[in-house]
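**Q** any chance you can model this:
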Amino acid sequence: MNPTRILFVAIVGLLIGAGVGVGLKMAGQPEQTLAAPPVTPNARPAEHVPAFSYPDLEGRMRNRDEWSAKILVVNFWAAWCPPCREETPAFVALQDEYIDDNVKFVGIAIDDPEPVREFAQTYGVNYPILLGDIEAVALSREMGNRFEGLPFTVVAAPGGKILLRHAGGLTREQLEPVLREAVEKSRRTHEPAPRI
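**A** Below is the predicted model:
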């Protein structure tokens with residue numbers, strides 16, 4: 001074998017080994033909440049939920065401003081995504097439980113309309129489902145979804161300040177403490193001042 005070919009094979013082997021090593025290391029890591037690092041060297045994820053507007057399942061345009069006074073849970077998902085199917089029942093239950101606490105879930109589906117409709121019916125989704133497109137992928141990235149994976153969830157306080165970014169499936173045990181804290185903080189900031 002000539003020296004150039006040996007060098008080429010060695011470099012390819014090193015690259016494959018490094019990729020496998022990183023993959024194994026990531027596979028052994030528990031899923032965790034992101035305090036998302038910069039998306040690009042010169043850009044940071046948005047601190048507030050950016051403006052967005054997408055049609056819902058009935059074709060009506062819906063936008064972020066409808067929910068600006070709410071504790072907003074924005075979930076990017078698709079009907080074909082197994083972790084999305086796993087987390088949806090908890091989201092449906094939490095929406096029921098926290099509806100009187102100013103919490104609003106909004107799903108942004110990056111998928112075709114028909115499977116999204118079937119999914120929403122099957123899982124009894126009780127919150128708005130919006131039909132995103134390639135712009136929705138860019139929106140999720142702007143909010144901190146640096147790998148553009150699904151599902152991706154953001155929780156924001158009233159006014160839109162992002163409190164949590166989470167890549168991957170989100171459990172009730174991970175989400176509910178964040179909701180409780182946001183509800184308590186919202187109540188404290190909206191309590192009338194005591195009369196003297």
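**Q** neighbours of residue 175, how many?
**A** 21 (other CB atoms under 10 Å). To be clear about C-beta, it is placed using only N, CA and C from the backbone, and glycine gets the same treatment.
**Q** can you tell me the helix or strand for it?
**A** Secondary-structure assignment from DSSP states H and E places residue 175 in helix 172-190.
**Q** list the helices and strands that helix packs on?
**A** In terms of contacts (3 or more CB pairs under 8 Å, 6 or more residues apart in numbering; DSSP states H and E), helix 172-190 is packed against strand 71-77, helix 82-98, strand 103-109, strand 152-156, strand 162-167.
**Q** JSON lines please, covering these and showing mean pLDDT and mean neighbour count.
**A** Shown next, in JSON lines, are those (pLDDT from 0 to 100; neighbours: other CB atoms under 10 Å):
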{"stretch": "strand 71-77", "mean pLDDT": "98", "mean neighbour count": "25"}
{"stretch": "helix 82-98", "mean pLDDT": "98", "mean neighbour count": "17"}
{"stretch": "strand 103-109", "mean pLDDT": "98", "mean neighbour count": "23"}
{"stretch": "strand 152-156", "mean pLDDT": "98", "mean neighbour count": "26"}
{"stretch": "strand 162-167", "mean pLDDT": "97", "mean neighbour count": "20"}
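**Q** how about the ones you listed, which one is nearest residue 58?
**A** Residue 58 lies closest to strand 103-109 among these, at 13.8 Å (CB to CB).
**Q** isn't residue 175 right up against residue 163?
**A** No: Residue 175 is beyond contact range of residue 163, at 11.0 Å (criterion: CB atoms under 8 Å).
**Q** give me the common contacts of the two.
**A** Common neighbours of residue 175 and residue 163 are listed as residue 155 (criterion: CB atoms under 8 Å, 6 or more residues apart in numbering).
**Q** how confident was the prediction at residue 134?
**A** Here, the pLDDT recorded for residue 134 equals 88.
**Q** tally of neighbours for it?
**A** 8.
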